[in-house]
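Colleague: No letters, just coordinates:
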């Protein structure tokens, strides 16, 4: 007999109930739950191998979040009409969950774990990304897979001055702060989000409110675990240990590791020195040492480096490259470094370097962002590339990985806060190519992107910079050190990776991963203040390099003008079967996009040359212009008749220039007076009340000749007798 499903519920506030259920779907998985809010339902499953792979020395965790289009009653728009590779949005949600779950597993647990999270029913007002980690954690909670504790995630947003947990999609559109926070019952684990220049204290308040909401979610998972009868956690095979070998490694290498670490050398010099020391260590084990022993000795050597460098920073306040804890590496930056791109910048900080370009495009270049709930277009795109040579490595070149998508997203959200509104006509693409990397290439991308956007003439009001912070703690004596502008090695050996972006006036983006228990809010405030100082230091150098955005785009950049016309003229601009708009584009060399927006038509005109742009603008303005009596126009003769000429004085609008209105001199006929194609200035003098045709005059624009004077000795005209 099948067991009955078990469920629990909790309230997010305002009657928004969330239900967590297990025992009904996917029962062969080690753990399976559904999470429901409104009509949104997420299925999360987790499966772990019973044994680690032979020779495995790392923890293989994979987390995949996918939205089924059927969940929203839609068919995918791809050629194959089925879900394919994960979209960037799905990758970002997968990363949010992965980063929160990974620290939960014991350090000696090496069995492969797969977490699959699927949106199976969509609600247009419920944001599924805020529920994905809750579902994954609940699936782990009801399984026998060993985890140290239960976690959850919550979104905290501020709209109209009020904070709200897991707001609706409509509420989120008005928010000036939007953060996803993951935490255990006691400690924060992960923060990711954006804001419109919020203060450091506002961020701390948001984190506290989110943590309070997460505790309710953890309590619900604990209740479900009890209801489901989930027993203890499974035993697992732990990696082989050899304390005698570990002691030998420490005796041989500890002091030497310290000497190399405190020299303040470059990344490559340290790498070579540590590599040589490791070779000496392994060769010193003797020929009798087995391959397994050498592999284990290599692991102990890496553990020793981790311990020695951390203690050096905590006790001696010395960093690997010789800097002080709050010191930022040497900065170098320049703009307009490439002749052809519409904007470019080269930003170098220590051994991290980004070459970033900006391309200005038309509305036709907008990016379609498709999800189960909705499809939307984005006019601001940022792509981040991390080639293997940036770290001196040889790797296969493949498509962008999850790291590239995640780092690019942080930079994009940070810069987007300073981008002009929807009335800005260009589609803007920023591409960051990381040429060197030794820590925080995503923050270099933010800085280089800000410089390149200003170089391109995008009306970017303020520079945005970013800095990566680190934290090293020692619970035994309570010592800790907050590091500004961390190196790659400091990221690896630290307890926190905390990236903060913003302007002089506030925070625009945050990405934080915490690997240690017990991070207090006071320590968080201290880290935020240290990050603010670092951000401002970089901003000063950026303003010295590029004080403000160019007043206009570069000469070789495309020109763009946006016009708004009355809805009734849309058909006139397009013409029958698109004849008119195609003619305008062909004759002026422009690209024209016309959309109906409410009661107006939005016309975007794009041209590689100013001359063509001006011609197209004048053409369209002429089509939508309402002729006014008394106005002077420059017209083109379209036809000649014996009684006058027909002149097109506005696009699509012709009037009669009667033979009597061409000149003050009486003309007997039109022969030799005007010909088709002639350009003449005319004045609209009236409209025929019967036919509605326009009446034009040329002679009124000419000086009227004076009557001839009488000749001498000529008698004046005789007066008429009445």
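Modeller: Good, I have the coordinates. Everything numeric in this text was worked out from a predicted model, so none of it was measured.
Colleague: shaky segments in this structure?
Modeller: Under the criterion pLDDT under 70, the flagged ranges of the chain are 1-2, 518, 709-722.
Colleague: Which helix runs longest in this protein?
Modeller: The residue-count maximum for a helix in the chain (DSSP state H) belongs to helix 200-227.
Colleague: Just the buried positions in it, please.
Modeller: Neighbour counts over helix 200-227 (16 or more other Cβ atoms under 10 Å) mark 200, 202-203, 205-207, 209-211, 213-214, 216-218, 220-221, 223-225 as buried. For the C-beta atoms, the positions are set from N, CA and C on the backbone; glycine is no exception.
Colleague: Please apply the same query to stretch 609-629.
Modeller: 612, 613, 615, 616, 617, 619, 620, 622, 623, 624, 625.
Colleague: Now render these as TSV, adding secondary structure.
Modeller: Output for the buried residues of stretch 609-629, formatted as TSV (DSSP: H, G, I helix; E, B strand; the rest coil):
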residue	secondary structure
612	helix
613	helix
615	helix
616	helix
617	helix
619	helix
620	helix
622	helix
623	helix
624	helix
625	coil
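Colleague: Return the closest of these with respect to residue 522.
Modeller: Nearest to residue 522 out of these is residue 613 (Cβ to Cβ; 57.2 Å).
Colleague: Residue 143 and residue 30 touch, don't they?
Modeller: Yes - counting by Cβ atoms under 8 Å, residue 143 touches residue 30, with 4.3 Å between them.
Colleague: For those two, indicate the residue with more neighbours.
Modeller: Each of residue 143 and residue 30 has its neighbours counted (other Cβ atoms under 10 Å); residue 143 has more, 25 against 19.
Colleague: so what's the more buried one up against?
Modeller: By Cβ atoms under 8 Å, 6 or more residues apart in numbering, residue 143 lies in contact with 29, 30, 31, 46, 48, 230.
Colleague: Just give the closest residue to it, not the sequence neighbours.
Modeller: Using Cβ to Cβ, 6 or more residues apart in numbering and skipping the chain neighbours, the partner closest in space to residue 143 is residue 31 (2.9 Å).
Colleague: ok, what's across the strand from the one you found?
Modeller: Beta-bridge partners recorded for residue 31 (DSSP bridges): residue 46.
Colleague: What sits closest to the most centrally placed residue in the chain if chain neighbours are left out?
Modeller: Nearest residue to the geometric centre of the chain (Cα atoms, centre = their mean): residue 412, 2.7 Å. Closest residue to residue 412 apart from its sequence neighbours, by Cβ to Cβ, 6+ apart: residue 382 at 3.7 Å.
Colleague: anything in contact with each of residue 143 and residue 30?
Modeller: Common contacts of residue 143 and residue 30 (Cβ under 8 Å, 6+ apart): 46, 48.
Colleague: ok, which stretches of the chain are helices?
Modeller: Taking DSSP H as the criterion, the chain carries its helices at 88-101, 129-141, 169-172, 200-227, 243-261, 267-283, 291-316, 402-416, 441-455, 488-493, 521-545, 570-574, 579-588, 610-624.
Colleague: Please identify the deepest-packed of these.
Modeller: With neighbours defined as mean count of other Cβ atoms under 10 Å, the helices of the chain peak in mean count at helix 441-455, which reaches a mean of 30.
Colleague: centre of the chain versus it, how much separation?
Modeller: Centroid displacement of helix 441-455 relative to its chain, using Cα atoms, centre = their mean, to the nearest Å, is 13 Å.
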